[in-house]
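A.B. asks: kindly generate the corresponding structure for this input.
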Amino acid sequence: MIEVQIYSRTGCHLCDVAEAKLMELQSALEFKLTKELIDGNLDLEREYGDKVPVILINGAPHDYWRVNQERFTKAISEIKASQ
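C.D. replies: I've put the predicted structure just below:
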């Protein structure tokens, strides 16, 4: 199964919006969704602190700040087609 992860921060409104959008897409596109707060993780804060939410697909960064539904759907479809 495709794994989608969202890096988030406490109190991040854009993170909440992105998570809601991913949850909306999850049933139709069939992927596993996990959320990780980067607060307190110095490495992740340094790399992604000003880019959250960060959307990763199978461990690779895909989008920053918001979910582009068309781009996200295309990426998931391409991964499924190659499996």
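A.B. asks: helices of this protein, residue ranges please.
C.D. replies: For the chain, applying DSSP state H gives helices covering 13-29, 42-48, 69-82.
A.B. asks: between helix 69-82 and the longest one, find me the angle.
C.D. replies: Spelled out, that is helix 13-29. Helix 13-29 runs at 40 degrees relative to helix 69-82, counting by axes from the mean of the first three to the mean of the last three C-alpha atoms, to 10 degrees.
A.B. asks: can I get the helices of the chain in CSV with mean pLDDT, distance to Gln5 and mean neighbour count?
C.D. replies: The C-beta positions use only the backbone N, C-alpha and C, and glycine is treated the same way. Below are the helices of the chain laid out as CSV (pLDDT from 0 to 100; distance: least, C-beta to C-beta, whole Å; neighbours: other C-beta atoms under 10 Å):
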stretch, mean pLDDT, distance to Gln5, mean neighbour count
helix 13-29, 97, 10, 15
helix 42-48, 96, 11, 13
helix 69-82, 97, 13, 13
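A.B. asks: go through those helices and name the closest to Asn58.
C.D. replies: Closest of the helices of the chain to Asn58 is helix 69-82, at 7.0 Å (criterion: C-beta to C-beta).
A.B. asks: thinking again about what came up before, the helices of the chain: which one's closest to Lys35?
C.D. replies: Of these, nearest to Lys35 by C-beta to C-beta is helix 13-29, at 6.2 Å.
A.B. asks: just to revisit the earlier point, next, format the helices of the chain as JSON lines and append distance to Asp63.
C.D. replies: As requested, the helices of the chain are arranged in JSON lines below (distance: least, C-beta to C-beta, whole Å):
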{"stretch": "helix 13-29", "distance to Asp63": "8"}
{"stretch": "helix 42-48", "distance to Asp63": "12"}
{"stretch": "helix 69-82", "distance to Asp63": "7"}
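A.B. asks: may I have the beta-bridge partners of the spatially most central residue of the chain?
C.D. replies: Geometric centre of the chain, nearest residue: Ile55, 2.4 Å, by C-alpha atoms, centre = their mean. Going by DSSP bridges, Ile55 is paired in beta bridges with Ile6, Asp63.
A.B. asks: please enumerate residues in contact with stretch 60-67?
C.D. replies: Under the contact criterion C-beta atoms under 8 Å, 6 or more residues apart in numbering, stretch 60-67 has outside partners 14, 17-18, 21-22, 25, 48, 51-56, 71-72, 75.
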